[in-house]
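> Sequence and predicted structure, then a few things I'm wondering about:
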2 protein chains.
Amino acid sequence: MGKEKLIQFLKSTDLVTPVKAEEIADHFAHRTIYKNQFHLEEGQVSQEYFFMEHGFLRAFAHDTHGNEVTTNFYSDNQVIFEVSSFFNRTPSKENIQALTDCEGWYITYQQLNMLFHALPEFREFGRAILVKGFTSLKIRMLSMITETAEERYAQLLKTNPEIFVHSPLKYIASYLGITDTSLSRIRKEFSKK
Amino acid sequence: MGKEKLIQFLKSTDLVTPVKAEEIADHFAHRTIYKNQFHLEEGQVSQEYFFMEHGFLRAFAHDTHGNEVTTNFYSDNQVIFEVSSFFNRTPSKENIQALTDCEGWYITYQQLNMLFHALPEFREFGRAILVKGFTSLKIRMLSMITETAEERYAQLLKTNPEIFVHSPLKYIASYLGITDTSLSRIRKEFSKK
DNA sequence: ATGCTTTCTTGCCATTTGGCAAGTGATAAT
DNA sequence: ATTATCACTTGCCAAATGGCAAGAAAGCAT
């Protein structure tokens, strides 16, 4: 049935046994998101808990002056949904859009709760995903406060080089908290070293 | 037994019924944290899920050059614990210290899991707390990226004036992502308006 | 292949923020 | 009361980042 990657991912957390992983995966359905399509649009309620088998997505919001700001990038083996909108059933302030064709597996909010109820192990898994997202955001916040734009750029290039393959620099710039002009200059300086 | 505030807080989320709120509260024990004492120290595993009835706390971490950075402030009616350390049972990179005498109620990791297991409603409550923390961090990140230091200062002063009552400005400065020198200048400019 | 749009770079200059050190005032300890 | 420490401010200047506009380069549509 082709859900090997999903099953492998569920098992990789060590919170879900092999047998239960299969059972959980049974409830996921296949989803393709074609390049430029939206997985979630501002104003909608995030409906799908989406495991990405392969592809590349960008999440972005609008600031008070209407400018786009990239809030996240997502690649293979990540779970994608807008936490606040998904769990509170409120309209999302974020958009999630495909930068390449994406393939993966999803369940709805209702199905997720059903599974959480039926399989406590999956609930632990769900929490682990949440904690992971929270933790990486905290790390990013710390780097926003303590590091220079160049240091943040160097770090991103080192730890997430695939972002530079799939995303235009202007999206990366706002993710780093700088303008595209500055990013261009930083890259110039950086390449000299 | 004096746990009215805790019970009220549990009920306020609408995820926990009045009866269950009492049952949950039964498992919490009283805790006083005196001014300057640590609720959590770097290197330790966050052990207590702490509901603050009243008081004021600051969380801080150290950056790569050893400088203190304030990561959060906590006041009345908040749940305090270091998410990553608490759930992953790993050493914390953060410290949580009292800026005033604090009083509240706590349970341990083991008790929390026991309660989660026994009372699914409390689990929902736990998730809501997590989602809330995540959401406010996302909002803060967006403001770090899109707003000037002065705008962030004005916003904090408006929405969390109590912080300025209890915390020295240098702690607030690093929370805002600026130096204490800059905050001082911003305040000077701001007061002219 | 041609033209159109988007992405990226660059020069010029403005603005924001930081670094350091001195100075003032407040608080705390003895 | 005296001293020491801490919190905050300020002046001077440096460094980082932004804004705008022009131009080069790359990608896309027809």
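That came in fine, so what should we check first?
> contacting residues around A:His166?
Counting by C-beta atoms under 8 Å, 6 or more residues apart in numbering or on different chains, A:His166 makes contact with A:Phe56, A:Phe73, A:Ser75, A:Leu99, A:Thr100. All C-beta spots, glycine's among them, are computed from the backbone N, C-alpha and C.
> which of these are the two that sit furthest away from each other?
A:Phe73 and A:Thr100 (11.4 Å; C-beta to C-beta).
> the more surrounded of these two?
Counted by other C-beta atoms under 10 Å in any protein chain shown, A:Phe73 and A:Thr100 do not tie: A:Phe73 has more neighbours, with 20 against 16.
> Can you spell out which helices and strands pack onto the helix or strand that contains that one?
Using DSSP states H and E, A:Phe73 sits in strand A:68-74. Here strand A:68-74 touches strand A:57-62, helix A:169-176, helix B:120-146, going by 3 or more C-beta pairs under 8 Å, 6 or more residues apart in numbering or on different chains; DSSP states H and E.
> For B:Lys158, find the nearest of the ones you listed.
helix B:120-146 (12.4 Å).
> Could you tell me the angle between the closest one and helix B:169-176?
Our comparison of helix B:120-146 with helix B:169-176, counting by axes from the mean of the first three to the mean of the last three C-alpha atoms, to 10 degrees, yields an angle of 90 degrees.
> which residue packs closest to A:Thr179, ignoring adjacent ones?
The spatially closest residue to A:Thr179, leaving aside those adjacent along the chain, is A:Ala173, at 5.9 Å (C-beta to C-beta, 6 or more residues apart in numbering or on different chains).
> no no, A:Phe86
A:Phe86's closest residue in space is A:Ser46 (C-beta to C-beta, 6+ apart), at 4.0 Å.
> which residues sit in contact with A:Glu41?
Contact analysis of A:Glu41 by C-beta under 8 Å, 6+ apart lists A:Ser92, A:Asn95.
> again, only this time at 7 Å
The contact partners of A:Glu41, taken as C-beta atoms under 7 Å, 6 or more residues apart in numbering or on different chains, are A:Asn95.
> And A:Ile145, by the same measure?
B:Val69, B:Ser174, B:Gly177.
> and which of these is nearest to B:Phe28?
Distances from B:Phe28 to those, taken by C-beta to C-beta, are shortest for B:Val69, at 30.7 Å.
> pLDDT value on the most centrally placed residue in chain A, please?
Closest to where the C-alpha atoms of chain A average out (C-alpha atoms, centre = their mean) is A:Tyr74, at 3.7 Å. You'll see A:Tyr74 listed with a pLDDT of 97.
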